[in-house]
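>>> Here is my input; please provide its structure:
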Amino acid sequence: MKFLNRLKTILEDQHQRPSGLLGLYIGEKMVVQHELETRWTLDLLNLNEEESVLELGCGAGYALKLLAKRSSVEEVVGMDLSKSIIGSAKRRNKDAIKRGKVKLVHGDVRDLPFEDQLFTKVMSIHSVYFWGELPRTIREMYRVLKPGGTIVITLCNGTSEVSWGGVNKMIDEQLLSHMNESGLKNVLLKTGPRSRGYQTVAICAEK
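Alright, predicted model coming up:
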């Protein structure tokens with residue numbers, strides 16, 4: 001039992017901050033597992049012209065690669081807490097990085113290393129579970145978002161059979177509440193595709 005508990009802790013830590021060979025494996029595994037909700041999230045951004053997009057918790061950089069292919073996107077910035085996983089994102093996006101279209105930053109969502117009103121879109125896919133201070137992070141997202149910009153936070157809130165009470169409570173009592181209090185407008189919870197038996201949802205808002 002102790003071994004299983006230890007293994008569970010290791011895997012949870014690796015999903016939050018991938019490191020070493022195991023972290024690289026998990027990062028690439030998540031690219032495959034999350035493809036459906038990644039593409040759905042990009043659709044929710046409603047990309048127009050001259051977009052500047054920030055992804056928090058960019059992982060191995062699959063969403064960055066898809067965004068870099070869009071002619072409507074001028075710049076894509078990916079930020080992650082894991083230096084190892086940023087290395088994977090660099091390899092996946094090396095050509096776009098050379099062209100100056102993709103940038104990668106090591107940082108913490110609680111203290112975004114960017115100027116005010118820099119991005120037209122801010123997005124996150126399956127990283128919100130690991131944000132330690134939601135109110136502070138949401139304020140930071142609001143700060144770096146341009147007026148008229150869009151925020152999309154994608155996550156899972158259950159399986160085909162079971163609704164996750166803890167995650168839904170976080171959505172209702174923290175995410176939706178703090179986003180409304182921050183000054184964001186049109187804060188909506190949208191239901192997305194079922195991926196691998198998990199129900200995908202997204203909180204969308206505008207500044």
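
>>> For this protein, which segments count as strands?
Secondary structure of the chain (DSSP state E): strands at 51-56, 73-80, 102-106, 119-125, 145-159, 185-195, 198-206.

>>> Kindly export the third one (C-alpha atoms) in PDB.
Once non-C-alpha atoms are left out, strand 102-106 reads as follows in PDB (Å, rounded to 0.1, in the frame of the first residue of the first chain):
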ATOM      1  CA  VAL A 102       6.700  31.200 -30.800                       C
ATOM      2  CA  LYS A 103       8.300  32.100 -27.500                       C
ATOM      3  CA  LEU A 104       8.600  30.000 -24.400                       C
ATOM      4  CA  VAL A 105       8.900  31.200 -20.900                       C
ATOM      5  CA  HIS A 106       9.600  29.500 -17.600                       C
END
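
>>> And the contacts of that strand?
58, 61, 64-65, 68, 75-81, 83, 86, 89-90, 93, 96-97, 113 (Cβ atoms under 8 Å, 6 or more residues apart in numbering). Just so you know, the C-beta spots here come from the backbone N, C-alpha and C atoms, and that holds for glycine as well.

>>> Can you flag the buried ones in those residues?
Taking 16 or more other Cβ atoms under 10 Å as the criterion, what is buried in the contacts of strand 102-106 is 58, 61, 64-65, 68, 75-81, 86, 89, 93, 96-97.

>>> Can you give me every residue that contacts the residue most central in space within the chain?
Compute the mean C-alpha point of the chain, and by Cα atoms, centre = their mean the closest residue is Ser124, 1.8 Å away. The contact partners of Ser124, taken as Cβ under 8 Å, 6+ apart, are 55-57, 152-154.

>>> Number of residues surrounding the closest residue in space to it that isn't next to it in sequence?
Using Cβ to Cβ, 6 or more residues apart in numbering and skipping residues adjacent in sequence, the residue nearest Ser124 is Leu56, 4.4 Å away. Neighbourhood size, Leu56 [other Cβ atoms under 10 Å]: 25.

>>> List the beta-bridge partners for Leu56.
Met79, Ser124 (DSSP bridges).

>>> From Ile97, how far out is it?
18 Å (Cβ to Cβ, to the nearest Å).

>>> again, but for Cys156
The value you get for Cys156 to Ile97, if Cβ to Cβ is used, is 30 Å.

>>> Could you pull up the contacting residues of the closest residue to Met141 other than its chain neighbours?
Once flanking residues are discounted, Met141 sits nearest to Val122: 5.1 Å by Cβ to Cβ, 6+ apart. Val122 makes contacts with 53-56, 141, 144-145, 149-152, as judged by Cβ under 8 Å, 6+ apart.
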